[in-house]
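Asker: this one's sequence-less:
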Ligand code: CA
């Protein structure tokens with residue numbers, strides 16, 4: 001799964017970008033200021049960066065320049081001002097594309113897709129995307145929707161599977177019960193938030209060696225749950 005870093009201080013925009021990218025099968029992380037963004041960008045963990053220009057601490061120009069000096073990944077600049085985009089072009093900072101706000105989310109996703117594909121062709125990194133996610137003793141076959149713990153299959157219900165897959169695909173990030181409920185049950189549900197707790201409990205019974213000391217899905221008291229990688 002391709003990993004995308006969004007560096008954006010306006011949370012509503014960052015979340016909009018994230019939601020559309022996640023729906024399209026990308027793993028997404030958000031950095032809310034330039035300093036955090038730069039650190040994450042340099043980690044080498046991400047496949048593409050969506051970079052806002054006006055940011056607290058370190059601005060997008062500087063981030064772009066520094067990333068370019070160190071790593072080679074597609075950078076898509078996002079700005080509300082066309083003049084800024086002209087300026088970046090003029091400076092030759094090496095962004096791969098420029099998107100003006102407000103943007104059409106569908107187009108944003110299309111551009112991300114195109115740049116990832118182009119980059120793979122360029123660096124010859126293209127390899128078949130694995131459909132099986134391995135995390136320590138657990139294997140999750142996304143398409144067959146099967147889960148194996150130490151090579152034995154465990155049977156999950158549809159929602160248990162969806163919930164586990166969602167957490168695994170967004171590792172090391174804390175989600176509140178409300179967020180998980182929204183993502184997995186969404187609009188079509190008449191259920192309630194407590195159902196998340198129940199499902200987490202069931203998943204743990206199936207994948208954890210010791211449910212009182214979970215190694216995969218951690219409870220972050222007062223905040224929610226996190227899949228530990
Ligand atoms: Ca901004």
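Answerer: Ah, there it is. Quick caveat, the model's predicted, so the values are computed rather than measured. Numbers count the residues shown, from 1 in each chain.
Asker: Every contact and neighbour count from this point should use C-alpha atoms.
Answerer: OK.
Asker: got a list of contacts for the helix-or-strand element of the chain with minimal mean pLDDT?
Answerer: Across the helices and strands of the chain, mean confidence by mean pLDDT, DSSP states H and E is lowest for helix 82-91: a mean of 74. Helix 82-91 is contacted by residues 53, 61, 77, 79, 95, 98, 100 when judged by CA atoms under 8 Å, 6 or more residues apart in numbering.
Asker: What of stretch 22-35?
Answerer: 1-11, 14, 18, 21, 37, 40, 55-60, 63, 109, 169-170.
Asker: Compare the contacts of helix 82-91 and tell me which is most surrounded.
Answerer: Neighbour counts for the contacts of helix 82-91 were taken using other CA atoms under 10 Å; the highest belongs to residue 53, which has 25 neighbours.
Asker: count of residues packed around the residue lying closest to that one once chain neighbours are set aside?
Answerer: The spatially closest residue to residue 53, leaving aside those adjacent along the chain, is residue 60, at 4.1 Å (CA to CA, 6 or more residues apart in numbering). Close neighbours of residue 60, defined as other CA under 10 Å, add up to 25.
Asker: In this structure residue 60 contacts residue 52, no?
Answerer: Yes: when contacts are counted by CA atoms under 8 Å, residue 60 is listed as touching residue 52 (5.9 Å).
Asker: Now for the two: what residues contact both?
Answerer: Contacts common to residue 60 and residue 52, judged by CA under 8 Å, 6+ apart, are residue 77.
Asker: Need phi/psi at residue 205.
Answerer: Taking degrees, to the nearest 10, you get phi -60, psi -30 for the backbone angles of residue 205.
Asker: which SSE is the residue nearest the centre of the chain in?
Answerer: By CA atoms, centre = their mean, the mean C-alpha position of the chain lies nearest to residue 28, the distance being 1.6 Å. Assigned by DSSP states H and E, residue 28 belongs to strand 27-31.
Asker: Partner strands of that strand, with direction?
Answerer: Each strand pairing with strand 27-31, determined using DSSP bridges, is listed with its direction: strand 3-7 (parallel).
Asker: How far off centre is the partner strand?
Answerer: Its chain's C-alpha centre lies 7 Å from the corresponding centre of strand 3-7 when counted by CA atoms, centre = their mean, to the nearest Å.
Asker: I'm done for today, thanks for sticking with me.
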